[in-house]
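S.K.: how would this look folded up:
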Amino acid sequence: MLKKPILLVSMIAVTACTVGSNYTKPDLAVPATFAGPQGAPPPGQAIDPARWWEAFGDSVLTGLIDRALKDNPDMATAASRVRQARLGEIQARAQYKPTVDATGNVTDVRFSKNAGFSSLARAFSGGGGSGGGTAGGVALPGDNITTYAVGFDASWELDIFGGGRRGVEAALARTEAAEWNRRDAAVTLAAEVADAYFALRLDQEQVAVLNSEIERQARALQIAGNIARVGLVPSIDVTRQSGNITATRARLEPLKADLEVRKHALGVLLGQNPEQLLGELSQPLPPLGATPPIPAGLPSDLLRRRPDIRAAERNLAASTADIGVATADLYPKFSLTGIAQLISTSLATLFSGDSLQLTGTGAATFPLLDWGRRKATVGVRKEQREQAYQQYRATVLQGLRDVEDSLVRIDAERRRNALLRQALADADRTVTADQARYRAGLVAQDAVINTQVEVLRARENVAASDAQLRQDTVVLFKAIGGGWSDASTAG
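M.R.: Below you'll find the predicted structure:
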């Protein structure tokens, strides 16, 4: 009895094929090298892209990023999406495998007294009356019959044309895309924490600059007061110097507010309440070191290193497999169903050999008329694949631009920083000379105040340039895809 089903399955398996195109990773042309100037770390000092923030030599920054990668809600969301994609794999693998269900039921039927087969039932039962049970295995009109059944049913839709296999390919690719998206979330988060931290340090440095300048201006006010008391300068000079100090102090208030805002931002990035880090970051922080020069590598490295590019490529692979899933829907579907049951009107005889009932069904469904729905679905999947390809291209191009832009900005900021430091040194020498000339009565106080303002502006410019250089370096680390590793994103 089993020979015919086995022969049928064997014939179908021999003729099985996989429709749709096999995926091939696109070979996009990228430049051999970046056009922008690249830095290089000192000899013997290597920078690990997975933990690039350690190159700044700041233990507070390292601790903040490590805590953020562990507790940030975006990272938890990305990890959940990976787990969801893995469950999607299980669904795709199971779709075209045989399914087996256990069944059990009790059926009780009371027959109508007015049923059309009442006379036939009476004949088989000897013409007896109505009601009161069954006779001869046939229920009389008005009687009832109870049937007990237990068993198994199995069904299997054969993956003749490979729609299921293409579905598994798509699910695997989407899982890999979710993994790369999680790594991209880690890259983005590390850069956001570093950027917020360096903005905080800039605020602190500018507050220190203003406090230092207020102290210097206070000494100048004291000197002006002493000179005014002996009549060498008018008292208006004292008033003017006092007003200059007041204006400088007023500039402290928005900086102090911004300091608190930066701490709130860092707290949220770490997955904590906004005020959680207020006390911790109000303590004295270690001095900032020099900004590390980093090599950007080769453009071809981006195709391997940047998580967003890898995710886009995996999405393209999934879209290609989706075409095969839709194409398989154009072809006939074949399924096998088998049912094995024990059926009896008595529990006492239910588990006997005579109660066994077997049913086998082979079915085929041939698509005939759907008004172009299936073909339209294939067309939709092809357009989605084209969109995924263009998205992949756009992601690669954006990655190349991110690196080139960062290299140009860092190079320009380094040159600007050197000029600002030279301007600060010149302003310091000028204010020292003007103060000496003012005490000697050779220049008016306006000259001294003007040079003090220039010194303050020069110091603030140097502090801002230092911070900008650090933040541009963070952007470059992000642009080259630094900030993830298989170990740190496992789970």
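S.K.: domains in this protein, as residue ranges please.
M.R.: Here the domain parsing of the chain from automatic domain parsing is 17-96+160-331+373-479, 104-158+332-366.
S.K.: And the first one, end to end?
M.R.: Read it as domain 17-96+160-331+373-479. Start-to-end span of domain 17-96+160-331+373-479 (C-alpha to C-alpha, to the nearest Å) is 43 Å.
S.K.: Please apply the same query to stretch 89-103.
M.R.: End-to-end distance of stretch 89-103: 28 Å, with C-alpha to C-alpha as the criterion.
S.K.: Highest mean neighbour count out of the domains of the chain?
M.R.: Here the criterion is mean neighbour count by mean count of other C-beta atoms under 10 Å, and of these the winner is domain 17-96+160-331+373-479, at a mean of 17. No exception for glycine: its C-beta is placed from N, CA and C like everyone else's.
S.K.: where do the strands sit along the chain?
M.R.: 99-110, 134-135, 138-139, 144-158, 333-344, 356-365 (DSSP state E).
S.K.: can you give me the angle the fourth one makes with strand 356-365?
M.R.: Interaxial angle of strand 144-158 relative to strand 356-365 (axes from the mean of the first three to the mean of the last three C-alpha atoms, to 10 degrees): 40 degrees.
S.K.: Show me what strand 144-158 is packed up against.
M.R.: Secondary-structure packing of strand 144-158 (3 or more C-beta pairs under 8 Å, 6 or more residues apart in numbering; DSSP states H and E): strand 99-110, strand 333-344.
S.K.: For that strand, which outside residues touch it?
M.R.: Around strand 144-158, the neighbours that count as contacts under C-beta atoms under 8 Å, 6 or more residues apart in numbering are 9, 12, 16, 96-111, 134, 139, 333-347, 350, 357.
S.K.: which sections of the stretch 151-300 of the chain are below the confidence cut-off?
M.R.: Along the stretch 151-300 of the chain, the model assigns pLDDT under 70 to residues 223-224, 226-238.
S.K.: ok, back up a step: right, and the strands of the chain - which one's nearest residue 70?
M.R.: Between residue 70 and these, the shortest gap by C-beta to C-beta is with strand 99-110, which sits at 40.9 Å.
S.K.: quick one: the closest one to strand 333-344, angle?
M.R.: If you take the same axes, to 10 degrees, strand 99-110 sits at 50 degrees to strand 333-344.
S.K.: got the contact list for strand 99-110?
M.R.: For strand 99-110, the external contacting residues (C-beta under 8 Å, 6+ apart) are 139, 142-156, 341.
S.K.: Pull up the pairing partners for it, direction included.
M.R.: Partners of strand 99-110 in the sheet, by DSSP bridges, are strand 144-158 (antiparallel).
S.K.: Any chance of CSV for the helices and strands packed on strand 144-158, columns mean pLDDT and distance to residue 48?
M.R.: Converted to CSV, these look like this (pLDDT from 0 to 100; distance: least, C-beta to C-beta, whole Å):
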stretch, mean pLDDT, distance to residue 48
strand 99-110, 90, 49
strand 333-344, 92, 53
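S.K.: Which of the ones you listed sits closest to residue 294?
M.R.: Closest approach to residue 294 among the helices and strands packed on strand 144-158 (C-beta to C-beta): strand 99-110, 54.9 Å.
S.K.: Distance from the closest one to the middle of the chain?
M.R.: 47 Å (C-alpha atoms, centre = their mean, to the nearest Å).
S.K.: just to revisit the earlier point, out of the helices and strands packed on strand 144-158, nearest to residue 90?
M.R.: Nearest to residue 90, of the helices and strands packed on strand 144-158 and by C-beta to C-beta, is strand 99-110 at 13.7 Å.
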